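[1] Predicted structure and sequence below. I'll ask about it afterward.
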Amino acid sequence: MTKIKFQCDECGFYWEVNTDKAAPQNCVVCNSGRVHRSSLHKRFAKKSRPKIRRSFSIR
């Protein structure tokens, strides 16, 4: 069971909700309706180093 992080735009509070439950409509602290899914739950891949061709000689 995974959890999704939500953030309130009014007070900045973060909280987690299980994926089997519905998305919250209001903040649990300030009861504001300005709630969005946080990007902190996402994993971003690291950029790999560029591949350099070594098949030719550099002068």
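    Good, I have the coordinates.
[2] what's the distance between residue 10 and residue 19?
    The spacing between residue 10 and residue 19, counted by C-beta to C-beta, to the nearest Å, is 24 Å. C-betas here are computed from N, CA, C, even on glycine.
[3] Span of stretch 6-13 from start to end?
    8 Å (C-alpha to C-alpha, to the nearest Å).
[4] do the same with stretch 22-31
    Start-to-end, stretch 22-31 (C-alpha to C-alpha) is 16 Å.
[5] re the thing from before, more neighbours: which of residue 10 and residue 19?
    residue 10 (13 against 9; other C-beta atoms under 10 Å).
[6] Which residue, other than its chain neighbours, is closest to that one?
    residue 32 (3.9 Å; C-beta to C-beta, 6 or more residues apart in numbering).
[7] For burial, what's the neighbour tally of that neighbour?
    A count of nearby residues for residue 32, using other C-beta under 10 Å, gives 13.
[8] which SSE is it in?
    Per DSSP states H and E: residue 32 is located in neither a helix nor a strand.
[9] Can you name the residues that contact it?
    Applying C-beta atoms under 8 Å, 6 or more residues apart in numbering to residue 32 gives the contacts 8, 9, 10, 11, 26.
[10] Residue 8 now?
    By C-beta under 8 Å, 6+ apart, the contact list for residue 8 reads 27, 29, 30, 32, 34, 35.
[11] Repeat that for residue 10.
    Counting by C-beta under 8 Å, 6+ apart, residue 10 makes contact with 27, 30, 32, 34.
[12] The last one and residue 8: what is the separation?
    In other words, residue 34. 7 Å.
[13] overlap in contacts of the two?
    Common neighbours of residue 34 and residue 8, using C-beta under 8 Å, 6+ apart, are residue 27.
[14] Now residue 8: closest residue in space, sequence neighbours ignored.
    Among residues not flanking residue 8 along the chain, residue 27 sits closest, at 3.8 Å (C-beta to C-beta, 6+ apart).
[15] Can you tell me the closest non-neighbouring residue to residue 2?
    Leaving aside its chain neighbours, residue 2 sits nearest to residue 19 (5.2 Å; criterion: C-beta to C-beta, 6+ apart).
[16] in stretch 23-35, what's buried?
    Burial within stretch 23-35, assessed by neighbour count using 16 or more other C-beta atoms under 10 Å, is assigned to 27, 35.
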